[in-house]
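J.: With the input below, show me the fold.
(3 chains)
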Amino acid sequence: MFKKLHTIRVKPRQEIITEIGNYCHQNGITSGIIIGIIGSVEEAQLNFLMKLPGEYENVSYQGPLEMVCAQGSIALKNDETIIHIHAQLSGKDICRGGHLAEATVFSTAEVIIGELDYQLWRQTDTYTGLNELIY
Amino acid sequence: MFKKLHTIRVKPRQEIITEIGNYCHQNGITSGIIIGIIGSVEEAQLNFLMKLPGEYENVSYQGPLEMVCAQGSIALKNDETIIHIHAQLSGKDICRGGHLAEATVFSTAEVIIGELDYQLWRQTDTYTGLNELIY
Amino acid sequence: MFKKLHTIRVKPRQEIITEIGNYCHQNGITSGIIIGIIGSVEEAQLNFLMKLPGEYENVSYQGPLEMVCAQGSIALKNDETIIHIHAQLSGKDICRGGHLAEATVFSTAEVIIGELDYQLWRQTDTYTGLNELIY
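T.: Model (predicted):
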């Protein structure tokens, strides 16, 4: 179940994943759901999984672009906190989404985190070559 | 934390943001998370932030288009309730998302609101020129 | 309100809606919110609503494609459990979203379900020709 809901604003020129990581560190959050992120970005990088195990292609997008939505989770792999986010970006001429590698805020990013009262864990999966949820 | 979950259907030809506003007014909701909206629209307008402070470009889309997903929040700016939603639209030939300015339902819009037990507030930010979450 | 949160991983080559259905059956879930799904698919089919009542066009997409996000619900129509999901897919060259008809996992699908403590119901709506939420 959710233990606490956190409503955060990431500010212009800040990198979103870094700021979420800092917030989690400061607040002792090691397990949670990224319920949503909306805002706009001045630059972002998405990863697209091309082949298994683990071959990604990284593509950079220049903003301003809307961050339409995002979903993900906060989990531990051993004692490392892993924040896994997929995000949808769009302008009037382009629209792409994928694994969020990096995103710098243009105007704002409104992040909703649902902290969990149970621990999510990840481990390397030899078939996918990625850090997968243990389930 | 969530105080209550609300599951609403907005019906054909109704405008989604207006109906969410009416529902919030009738149920005394001034603080919440838009967890999701799925359905289809017969017409919608998205805003794309182009320059700071606050220069949007508004683009109209003729449906029928799927409303793939949406995220956002309900907050107060002084005593005004502000509903901020980003939505993703798609047909088989086009896909765009952004700040939802207006959307008229085609078949349905299934809206999930998580009412909060703490108040979200907005205020004008002089740098972005927009109503930003106070954080 | 949420009764329980479920965090599931659907594995490579499994079909996502089937696996969510199996999980719900095994865990007695008949009412809930699909808060999110992220991952990647090797094949997926989306439905696009074209005309009312109920005329969909079905389009197949070959992956690998990112599953950027998804939203939806679990409800009963009489004694039948109906899982209604809209999903956003994207690669570096294409991006589409819509009513998820079928999706086979490439690397993973991380599914977050918020089980509800009240029952959601659907019934056929003669105007839309679809199973709509009773509200």
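
J.: Surely A:Gln26 is within a strand?
T.: No - counting by DSSP: H, G, I helix; E, B strand; the rest coil, A:Gln26 falls outside a strand, being helix.

J.: And for the most centrally placed residue in chain A, nearest residue in space, chain neighbours not counted?
T.: Nearest to the mean C-alpha position of chain A, counting by Cα atoms, centre = their mean, stands A:Ile85 at 2.5 Å. Spatially, and ignoring its direct neighbours in sequence, A:Ile85 is nearest to A:Gly72 (3.7 Å; Cβ to Cβ, 6 or more residues apart in numbering or on different chains). Placement of C-beta: from N, CA and C, glycine included.

J.: And the nearest residue to A:Gly39 once chain neighbours are set aside, how close does it get to B:Glu55?
T.: Spatial nearest neighbour of A:Gly39, chain neighbours left out: A:Ala109 (3.7 Å); criterion: Cβ to Cβ, 6+ apart. Per Cβ to Cβ, to the nearest Å, A:Ala109 is found 19 Å from B:Glu55.

J.: one step back: check contacts around the residue nearest to the centre of chain A.
T.: A:16-17, A:20, A:34, A:37, A:70-72, A:99-100, C:38 (Cβ atoms under 8 Å, 6 or more residues apart in numbering or on different chains).

J.: separation between it and chain B?
T.: If you measure A:Ile85 against chain B using Cβ to the nearest Cβ, to the nearest Å, the figure is 13 Å.

J.: Tell me the secondary structure of A:Glu57, please.
T.: The three-state label given to A:Glu57 by three-state DSSP is strand.

J.: about what we covered before: show me the beta-bridge partners of the residue nearest to A:Gly39.
T.: Assessed by DSSP bridges, A:Ala109 has beta-bridge partners A:Val10, A:Gly39.

J.: Quick check: it touching A:Ile34?
T.: No - with contact defined as Cβ atoms under 8 Å, A:Ala109 does not count as touching A:Ile34 (11.3 Å).

J.: buried sites along the strand or helix carrying A:Ala87?
T.: If you go by DSSP states H and E, A:Ala87 is part of strand A:80-90. For strand A:80-90, the neighbour count (16 or more other Cβ atoms under 10 Å in any protein chain shown) marks A:81-90 as buried.

J.: What ranges does chain A have for its strands?
T.: Counting by DSSP state E, chain A has strands at residues A:2-10, A:32-51, A:55-77, A:80-90, A:95-116, A:122-124, A:131-133.

J.: Burial check on the residue nearest to A:Gly39, number of neighbours?
T.: The local packing count at A:Ala109 equals 27, with neighbours defined by other Cβ atoms under 10 Å in any protein chain shown.

J.: circling back to that earlier point, for the contacts of A:Ile85, which one is nearest C:Trp121?
T.: Ranked by distance to C:Trp121 (Cβ to Cβ), the contacts of A:Ile85 are led by A:Gln71 at 26.3 Å.

J.: ok, the residue of chain A most remote from its centre to B:Ala87 distance?
T.: Residue farthest from the centre of chain A, counting by Cα atoms, centre = their mean, is A:Asp93 at 23.7 Å. Distance of A:Asp93 to B:Ala87, given as Cβ to Cβ: 18 Å.
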